[in-house]
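Enquirer: A predicted structure for the sequence below; I have some questions about it.
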Protein chains: 2
Amino acid sequence: MAKKKYAIGVDIGASYTKVGLVDENGNLSRETSLTTTQYKTPEDFVAALALQVQLITGSTEAKVNGVGVGAPNANYHTGGINNSANLPWKEYFPLRDVLMEAIDMPVKVTNDAKAAAQGELLFGKAKGMKDFIQLTLGTGVGSGIVSNGELVYGHDGMAGEVGHIIAKPNGRPCGCGRRGCLETYASATGILNTAQKIMLANGLIPFQSSREITEAAMSGNPMALEVFNQTGKVLGKVLANVHSVLSPQAIIFFGGLANAGDFLLVPTRKAFEEELLFVYKDSKPELMISGLMHRNAAVLGAAAMVI
Amino acid sequence: MAKKKYAIGVDIGASYTKVGLVDENGNLSRETSLTTTQYKTPEDFVAALALQVQLITGSTEAKVNGVGVGAPNANYHTGGINNSANLPWKEYFPLRDVLMEAIDMPVKVTNDAKAAAQGELLFGKAKGMKDFIQLTLGTGVGSGIVSNGELVYGHDGMAGEVGHIIAKPNGRPCGCGRRGCLETYASATGILNTAQKIMLANGLIPFQSSREITEAAMSGNPMALEVFNQTGKVLGKVLANVHSVLSPQAIIFFGGLANAGDFLLVPTRKAFEEELLFVYKDSKPELMISGLMHRNAAVLGAAAMVI
């Protein structure tokens, strides 16, 4: 019997970095984590990460094929991280090369949203799909696009910035320096902003987190429902345009805001279907919540790159 | 020495259908054509087309691998044509299967804009590129998207409707039933419409064709230049959004309106670069005119599917 294949998956987040051993069936074991923010330099961080990797490989009989890393603003082609708003180190850092040097194993690096899409493709609801889009609705909006069964990186490794499609001309200011980007409406930050506007206009104390908005919606709070309606409307419209480009089989939502489930899905689907070009009426894609919401899609997907 | 590979390429257009023998280097010979509109039923048309194909195969020593067909609203997956605004037959017609039956050779069918992109990839400026978008700016706006070296069809064969991205919310009415689609501004029809608005507002007799606008621009006519400026602005903005999805190496313009060359390219590039997300500043794509403007990209590309 052929031996099972293994890889180590790493998900570098703004606060924590998660590490785990993943097998070819998507089983995760030997989970551990680092506090990303406690390392002053990326070199110190990689030294600590390398140690965790070696502790895992040293403690298992499994043949580990390598390490896959998902990180904000990471580039699959260069293996580097650049310009990340969400990490403590701002300068370009050649993560792949430095980590490979430290652990002497193959390393692949990709953007966290692409890693999550890869996880969905191998172990989640996108299993067997050749064309889908996975949107990670977190602090920002990231995306992983799969076309013809392969992740779309673009010529420079930077495809998938669906969060920076202009949803509203001259709309809300975005961290990218432009206005009206999708992520200023459909991220955890964006929805809080929408809630704030609605609540203040009604003389109410605004919600403090996107989770609070979901909880309020669950108990039938009409303001919270209105916040999801407005958000779904913006999101659905943009996705109808993206659909005209790629015609995927499914659009899958992942990340904190996706915890809202139908509160987000129903108004998004409504706007999406209203705006959808007629040629797609008979083959319209499914809009759904990720199958990996309670598992670590990015760790799984990052590992899948090298399994 | 291995024998050269050949296929027959067919480009079904609203007025004429072009047929030719194509070799693996993109050389076209034995060109012939049919008047698409003279056939009352698609069955009659296919019978006439099959005859042309057999005349070519019967007159050459070349081993012909099959027939590739590009047609408006054709679907690569089903091999059928449906709902085409530009063809005389409106009902769904299983073109691939009927033609295959008639000639007893392999047949592949695709949308004309995708065939043109395939031609560009094999024989034009996109040779060696893995990620590009080819926009056919004709009566409408079609597109062929290549990602990871492969044409993007989407799950239902209908990806690439870039012409139906909403360029202006509540903008010009489009044949698709919605408003503000890119093709209502950036097609030959769209630019004529823009010219009409500008000319009438200035008490002038409007241009009668997009070619006339290009000729006027060549002689420095300020109205014509303004028409291209406005068109480029709309096109460049939409393409900046599409770029955020796919990050292609190049965006290539083909079709009648692309004959305008720099008159179209310069304002489009200006708007595109102004709107482009900052992460792409160092790797921004080239906007260019097709290398196959005076050759039949769709015949070449259609043949390339089966060569």
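Expert: In hand now; what should we look at? Numbers count the residues shown, from 1 in each chain, chains lettered A, B, ... in the order given.

Enquirer: those helices in the stretch 151-300 of chain A, which residues are they?
Expert: A:183-186, A:188-201, A:210-218, A:222-246, A:262-275, A:297-304 (DSSP state H, counting those that start in this stretch).

Enquirer: check those helices for me and report the most buried one.
Expert: Burial of the helices of the stretch 151-300 of chain A is given as mean neighbour count (mean count of other CB atoms under 10 Å in any protein chain shown); helix A:297-304 ranks first at a mean of 32. Every residue, glycine included, has its C-beta placed from N, CA and C.

Enquirer: average pLDDT across that helix?
Expert: Averaged over helix A:297-304, pLDDT sits at 93.

Enquirer: and the residue of the stretch 201-307 of chain A found nearest chain B, what does it touch?
Expert: For the stretch 201-307 of chain A and chain B, the shortest gap (CB to the nearest CB) falls at residue A:247, measuring 2.6 Å. Residue A:247 sits next to A:131, A:280, A:283, A:285, B:153-161 when contact means CB atoms under 8 Å, 6 or more residues apart in numbering or on different chains.

Enquirer: isn't residue A:229 right up against residue A:267?
Expert: Yes: under the criterion of CB atoms under 8 Å, residue A:229 makes contact with residue A:267 at 4.6 Å.

Enquirer: walk me through the domains of chain A.
Expert: A:6-118+A:296-304, A:129-289 (automatic domain parsing).

Enquirer: who wins for proximity to residue B:124 among these?
Expert: When the domains of chain A are compared by CB to CB, domain A:129-289 sits nearest residue B:124, at 17.0 Å.

Enquirer: pLDDT on that closest one, on average?
Expert: Mean pLDDT, domain A:129-289: 96.

Enquirer: picking that back up, closest to residue B:113 among the contacts of residue A:247?
Expert: The closest of the contacts of residue A:247 to residue B:113 turns out to be residue B:160 (CB to CB; 6.5 Å).

Enquirer: may I have the phi/psi pair for the closest one?
Expert: phi 90, psi 20 (degrees, to the nearest 10).

Enquirer: the contacts of residue A:247, buried ones only, as a PyMOL selection?
Expert: Buried members of the contacts of residue A:247, defined by 16 or more other CB atoms under 10 Å in any protein chain shown, are picked up in PyMOL with:
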select buried, (chain A and resi 131+280+285) or (chain B and resi 153+154+155+156+157+158+159+160+161)
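
Enquirer: dump the contacts of residue A:247 to TSV, plus distance to residue A:291.
Expert: Output for those, formatted as TSV (distance: CB to CB, whole Å):
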residue	distance to residue A:291
A:131	17
A:280	24
A:283	22
A:285	16
B:153	25
B:154	22
B:155	18
B:156	22
B:157	26
B:158	26
B:159	24
B:160	28
B:161	29
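
Enquirer: dump the residue contacts of residue A:223.
Expert: Residue A:223 neighbours (CB under 8 Å, 6+ apart): A:195, A:198-199, A:202, A:204, A:216.

Enquirer: please apply the same query to residue A:155.
Expert: Contact analysis of residue A:155 by CB under 8 Å, 6+ apart lists B:129-131, B:247-249, B:283, B:285.

Enquirer: out of the helices of the stretch 151-300 of chain A, nearest to residue B:271?
Expert: Closest approach to residue B:271 among these (CB to CB): helix A:222-246, 17.5 Å.

Enquirer: what angle do that closest one and helix A:188-201 make?
Expert: Note on geometry: by axes from the mean of the first three to the mean of the last three CA atoms, to 10 degrees, helix A:222-246 and helix A:188-201 are set 140 degrees apart in direction.

Enquirer: got the residues of the stretch 101-250 of chain A near chain B?
Expert: Counting by CB under 8 Å from any CB of the partner chain, the residues of the stretch 101-250 of chain A close to chain B are A:129-131, A:145, A:147-148, A:150, A:152-162, A:164-166, A:169, A:176-178, A:237, A:240-242, A:244-249.

Enquirer: narrow the residues you listed to those in strands?
Expert: Among these, the residues falling in strands (DSSP state E) are A:145, A:147, A:150.

Enquirer: ends of stretch A:9-21, what's the gap?
Expert: 6 Å (CA to CA, to the nearest Å).

Enquirer: tell me if I'm right that residue A:160 and residue B:243 touch.
Expert: No: assessed by CB under 8 Å, residue A:160 is found out of contact with residue B:243, at 11.3 Å.

Enquirer: closest to residue B:59 out of the domains of chain A?
Expert: Comparing those against residue B:59 with CB to CB, the closest turns out to be domain A:129-289 (37.2 Å).

Enquirer: distance between the closest one and the chain's centre?
Expert: Here the centre of domain A:129-289 is set off from its chain's centre by 12 Å, with CA atoms, centre = their mean, to the nearest Å.

Enquirer: show me the contacts for the residue in the stretch 51-200 of chain A that chain B sits nearest to.
Expert: For the stretch 51-200 of chain A, the residue closest to chain B is residue A:154, as judged by CB to the nearest CB, at 2.6 Å. Residues near residue A:154 by CB under 8 Å, 6+ apart: A:160, B:131, B:147, B:246-248.

Enquirer: and with 7 Å instead?
Expert: Residue A:154 makes contact with B:131, B:246-248, according to CB atoms under 7 Å, 6 or more residues apart in numbering or on different chains.

Enquirer: same thing with residue A:261?
Expert: residue A:289.

Enquirer: residue A:248 too?
Expert: Listed by CB under 7 Å, 6+ apart, the contact partners of residue A:248 are A:131-133, A:285, B:154-155.

Enquirer: between the residues you listed, which is nearest residue B:26?
Expert: Comparing those against residue B:26 with CB to CB places residue B:154 closest, at 26.7 Å.

Enquirer: please name the nearest non-neighbouring residue to the closest one.
Expert: Of all residues not flanking residue B:154 in the chain, residue A:247 sits nearest, at 2.6 Å (CB to CB, 6 or more residues apart in numbering or on different chains).

Enquirer: check residue A:88 too.
Expert: Nearest non-adjacent residue to residue A:88, counting by CB to CB, 6+ apart: residue A:37, 5.6 Å away.

Enquirer: ok, back up a step: out of the contacts of residue A:248, which comes closest to residue A:45?
Expert: Proximity of the contacts of residue A:248 to residue A:45 (CB to CB) peaks at residue A:133, which lies at 30.9 Å.

Enquirer: ok so that closest one is a helix residue?
Expert: No: Residue A:133: not assigned to a helix; according to DSSP: H, G, I helix; E, B strand; the rest coil it is strand.

Enquirer: contacting residues for residue A:45?
Expert: Contact criterion CB under 7 Å, 6+ apart gives A:36, A:39 as the residues in contact with residue A:45.

Enquirer: with just CA atoms, put the helix or strand containing it into CSV.
Expert: Using DSSP states H and E, the element containing residue A:45 is helix A:42-58. C-alpha atoms of helix A:42-58 as CSV (Å, rounded to 0.1, in the frame of the first residue of the first chain):
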residue,chain,number,x,y,z
PRO,A,42,10.6,38.8,9.7
GLU,A,43,13.9,36.9,10.1
ASP,A,44,13.1,36.3,13.8
PHE,A,45,9.7,35.2,12.8
VAL,A,46,11.0,32.7,10.3
ALA,A,47,13.5,31.3,12.8
ALA,A,48,10.6,30.6,15.2
LEU,A,49,8.4,29.2,12.4
ALA,A,50,11.3,26.9,11.2
LEU,A,51,11.6,25.6,14.8
GLN,A,52,7.9,24.7,14.9
VAL,A,53,8.2,23.0,11.5
GLN,A,54,11.2,21.0,12.7
LEU,A,55,9.4,20.0,15.9
ILE,A,56,6.5,18.6,13.8
THR,A,57,8.7,16.7,11.3
GLY,A,58,10.9,15.4,14.1
